[in-house]
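Colleague: Generate a structure from the sequence data that follows.
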Amino acid sequence: MQRLNKSITKAVDRPVKVLQFGEGNFLRAFVDYIFDVTNEKTDFNGGIVIVKPIEFGNLDRFHDQECQYTLQLRGFENGQPKKITRQITSVVDAVAAIDDYDKYIQYGLCDTLRFIVSNTTEAGIVFDETDDFNACPPKTYPGKLTKLLFERFKKYEGAKDKGIILIPCELIADNGIELKKCIMQFIELWNLGDEFKNWIDTACSFCPTLVDRIVPGYPRDEAAALCEEFGYEDQLIDTAELFGLWVIESDSNLELDQLRKELPFEKAGLNVVFTKDHHPYKERKVRILNGSHTSFVLASFLAGNDLVKQSMDDATIRKYMEETLFDEVIPTLSLPADECKEFADAVIERFQNPFIKHKLLDISLNSVSKWEARCMPSFLGYVNKFGKLPKYLTFSIAALMSFYSTQKDGEVNGGYCLVGNRNGEEYNIRDDRFVLDFFKENSTKEPTEFAKAYLSNTKFFGGEDLSKVDGLVDAIAAYIADIRTRGMRAVVEDLVK
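Modeller: As a prediction, the model looks like this:
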């Protein structure tokens, strides 16, 4: 069977307008899909270059297929099952920032480049004063971006029309603002000058965003059958739900009408909202949809489930998830309760989509920073509002710590990981190295010492010391001891009684 390539998709050559940091399933099923439909239905005519920003993994599958891949959206519409299958042809190249630095920089200097999008997870947008400007490239995502933009600034001698519109998709509060803040800190750290700082401040735009689509990714169990159906081999098949929403906020350098003109997504009939304030959309989605994921998936996995749909069919886990949402998260939100409950009901329906085989282990990636961004605001909001610990959100911390508990090293996709054990079955624990090092050193300690060490580590909680929350250390330690003694399933069953 022939491998998918441009001769099959009949891809059109397009000028590079988008540089995309991240090659993962989400960006390919969401951002690349939106640009691909926009290319088809408007005169946007923009090519995407994917950048692999991290060391482990490779881009061989992309190069083997000339960056062409098949996306299948699956779900229900008006009560009827529906699938949309689309060959994505707008990705023109994929480059590794570390292994092919010169080529990566050349794309950053491209005359037609206008947009940079990213999804480097919640842990990606960080300032690290040990990052090195002379490294090729610097190690952090904002560091890489600062150096790339500096090279662009120099090449075009500070021309304002060569500025970039940056659209980060990371699920942190005010992602565009935080990204700009990191870049400004690197400019100061590396003494890159006031002229460059002014160019960043006036010629570039940083757009806070909200993204919403559930993306299970590569359908391993169905891949062979799908390739037979497609009539070609595709190692990059991606799957996602039908629903998708992108909320993009304009910044002070970019009027809404100009943003709409440059990104004609609405003309393409796509569910994209341009706004001057993305916060109401963000709070609702991150704390309900993403927060529910992060609060229940690790407990569900250790209780024996592998998929989100499986978890929703598990009466114990479903009650855990629903009571977390309706009793602990929604009461802390600023939006009207009825609106939040309606959104939560829709989220639960999306979790039950039988076409979406969303693996709990995929969701588990970088769970420490995810808990801080997605669950901690609800946790602290509940404590402040009611003066007591929220049962389920508190337990979610103990579940996370139990999931990460191991001293065994491993490797996945060429990168370092820890290896956990679920009733004799090993699984990979993937997170930043400093997180994994903490758990390797601390996770076998007695429960109170372990709880104190984790909750007082302010790196994990945006500067907060959660060990100071009244009663939290003792509650977490008790849950961990119980999980170690009786197992996750038994403890969760008692929790929901």
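
Colleague: just the helices in the stretch 351-497 of the chain please.
Modeller: Listed in chain order, the helices of the stretch 351-497 of the chain (DSSP state H, counting those that start in this stretch) span 360-363, 367-374, 376-386, 391-403, 433-442, 447-455, 472-486, 488-495.

Colleague: Please dump these into a markdown table; it should also carry distance to P168 for every row.
Modeller: (Each C-beta comes from the backbone N, C-alpha and C, glycine too.) Output for the helices of the stretch 351-497 of the chain, formatted as a markdown table (distance: least, C-beta to C-beta, whole Å):
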| stretch | distance to P168 |
| --- | --- |
| helix 360-363 | 20 |
| helix 367-374 | 13 |
| helix 376-386 | 19 |
| helix 391-403 | 25 |
| helix 433-442 | 21 |
| helix 447-455 | 28 |
| helix 472-486 | 32 |
| helix 488-495 | 35 |
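
Colleague: Find the centremost residue of the chain, please.
Modeller: Residue closest to the mean C-alpha point of the chain, counted by C-alpha atoms, centre = their mean, is T121 at 4.3 Å.

Colleague: For that one, give me the pLDDT.
Modeller: pLDDT for T121: 77.

Colleague: where in the stretch 1-150 of the chain is pLDDT low?
Modeller: Within the stretch 1-150 of the chain, the segments meeting pLDDT under 70 span 122.

Colleague: What ranges does the stretch 151-300 of the chain have for its strands?
Modeller: Taking DSSP state E, counting those that start in this stretch, the strands of the stretch 151-300 of the chain run over residues 165-168, 205-206, 209-212, 238-241, 245-249, 272-275.

Colleague: err, the stretch 1-150 of the chain, not the other one
Modeller: Per DSSP E, counting those that start in this stretch, the stretch 1-150 of the chain carries strands over the ranges 16-21, 47-52, 69-77, 80-88, 91-96, 115-118.

Colleague: other SSEs contacting the third one?
Modeller: Looking back up the chat, that one is strand 69-77. Judged by 3 or more C-beta pairs under 8 Å, 6 or more residues apart in numbering; DSSP states H and E, the packing partners of strand 69-77 are helix 25-29, strand 80-88, helix 223-230, strand 238-241.

Colleague: Of all the residues in that strand, which ones are buried?
Modeller: Within strand 69-77, the residues that qualify as buried are Y69, T70, L71, Q72, L73, R74, G75, F76, counting by 16 or more other C-beta atoms under 10 Å.

Colleague: Okay, now the sheet partners of it, with direction.
Modeller: If you go by DSSP bridges, strand 69-77 pairs up with strand 80-88 (antiparallel), strand 238-241 (parallel).

Colleague: Next, format the buried residues of strand 69-77 as CSV and append distance to G143.
Modeller: Shown next, in CSV, are the buried residues of strand 69-77 (distance: C-beta to C-beta, whole Å):
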residue, distance to G143
Y69, 29
T70, 34
L71, 31
Q72, 36
L73, 35
R74, 38
G75, 39
F76, 44
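
Colleague: what's the farthest-apart pair in those residues?
Modeller: Across the buried residues of strand 69-77, no pair lies farther apart than Y69 and F76, at 24.4 Å, counting by C-beta to C-beta.

Colleague: Please name whichever of the strands of the stretch 151-300 of the chain is nearest to R430.
Modeller: Among the strands of the stretch 151-300 of the chain, the nearest to R430 by C-beta to C-beta is strand 238-241 (19.3 Å).

Colleague: so for the closest one, what's the average pLDDT?
Modeller: Strand 238-241 shows a mean pLDDT of 96.

Colleague: and if you look at stretch 441-454?
Modeller: On average, the pLDDT along stretch 441-454 is 98.

Colleague: rewinding a little: tabulate the strands of the stretch 151-300 of the chain (a markdown table), appending mean neighbour count and distance to E151.
Modeller: Shown next, in a markdown table, are these (neighbours: other C-beta atoms under 10 Å; distance: least, C-beta to C-beta, whole Å):
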| stretch | mean neighbour count | distance to E151 |
| --- | --- | --- |
| strand 165-168 | 26 | 16 |
| strand 205-206 | 24 | 19 |
| strand 209-212 | 23 | 25 |
| strand 238-241 | 24 | 32 |
| strand 245-249 | 22 | 26 |
| strand 272-275 | 16 | 30 |
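
Colleague: Output the ones you listed in TSV; the columns should cover distance to P53.
Modeller: TSV is the format used below for the strands of the stretch 151-300 of the chain (distance: least, C-beta to C-beta, whole Å):
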stretch	distance to P53
strand 165-168	12
strand 205-206	18
strand 209-212	18
strand 238-241	19
strand 245-249	21
strand 272-275	25
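
Colleague: To F326, which of these lies closest?
Modeller: For the strands of the stretch 151-300 of the chain, the distance to F326 is smallest for strand 209-212, at 19.9 Å, taking C-beta to C-beta.

Colleague: packing partners for the closest one?
Modeller: Packed next to strand 209-212, using 3+ C-beta pairs under 8 Å, 6+ apart, are strand 245-249.

Colleague: May I have the strand it packs on exported as PDB, CA atoms only?
Modeller: C-alpha atoms of strand 245-249 as PDB (Å, rounded to 0.1, in the frame of the first residue of the first chain):
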ATOM      1  CA  LEU A 245     -14.000  26.300  19.600                       C
ATOM      2  CA  TRP A 246     -11.100  28.800  19.400                       C
ATOM      3  CA  VAL A 247     -11.500  32.100  21.300                       C
ATOM      4  CA  ILE A 248      -8.800  34.700  20.300                       C
ATOM      5  CA  GLU A 249      -8.400  38.000  22.100                       C
END
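
Colleague: Can you list the strands that it pairs with?
Modeller: Strand 245-249 is paired, per DSSP bridges, with strand 209-212 (antiparallel), strand 272-275 (parallel).

Colleague: Could you tell me how far the residue of the chain most remote from its centre is located from E195?
Modeller: In the chain, E157 marks the outermost C-alpha relative to the chain mean, sitting 34.5 Å out by C-alpha atoms, centre = their mean. Noted for E157: a distance of 10 Å to E195, by C-beta to C-beta, to the nearest Å.

Colleague: quick revisit: so for L256, which of the strands paired with strand 245-249 sits nearest?
Modeller: Among those, strand 272-275 comes nearest to L256, with 5.5 Å by C-beta to C-beta.

Colleague: and the closest one, how far from the chain's centre?
Modeller: Relative to the chain's own centre, strand 272-275 is displaced by 20 Å; criterion: C-alpha atoms, centre = their mean, to the nearest Å.

Colleague: mean confidence for it?
Modeller: For strand 272-275, the mean pLDDT works out to 96.

Colleague: contacting residues around it?
Modeller: By C-beta atoms under 8 Å, 6 or more residues apart in numbering, the residues outside strand 272-275 that reach it are 34, 245-250, 256, 259-260, 263, 265-266, 281.

Colleague: any chance of these in CSV, with distance to K181 too?
Modeller: Listed next are the contacts of strand 272-275 as CSV, based on distance: C-beta to C-beta, whole Å:
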residue, distance to K181
I34, 26
L245, 26
W246, 23
V247, 21
I248, 19
E249, 16
S250, 18
L256, 23
L259, 21
R260, 26
L263, 23
F265, 27
E266, 30
Y281, 22
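
Colleague: Lowest-confidence entry in the residues you listed?
Modeller: On pLDDT alone, Y281 ranks lowest of the contacts of strand 272-275, at 87.

Colleague: For T294, which of the strands of the stretch 151-300 of the chain is the nearest?
Modeller: Of all those, strand 209-212 comes closest under C-beta to C-beta, at 15.0 Å.

Colleague: which other residues reach the closest one?
Modeller: Strand 209-212 is contacted from outside by 26, 30-31, 119, 167-169, 171, 175-176, 243-249, 278, 281-282, 285-286, 289, using C-beta under 8 Å, 6+ apart.
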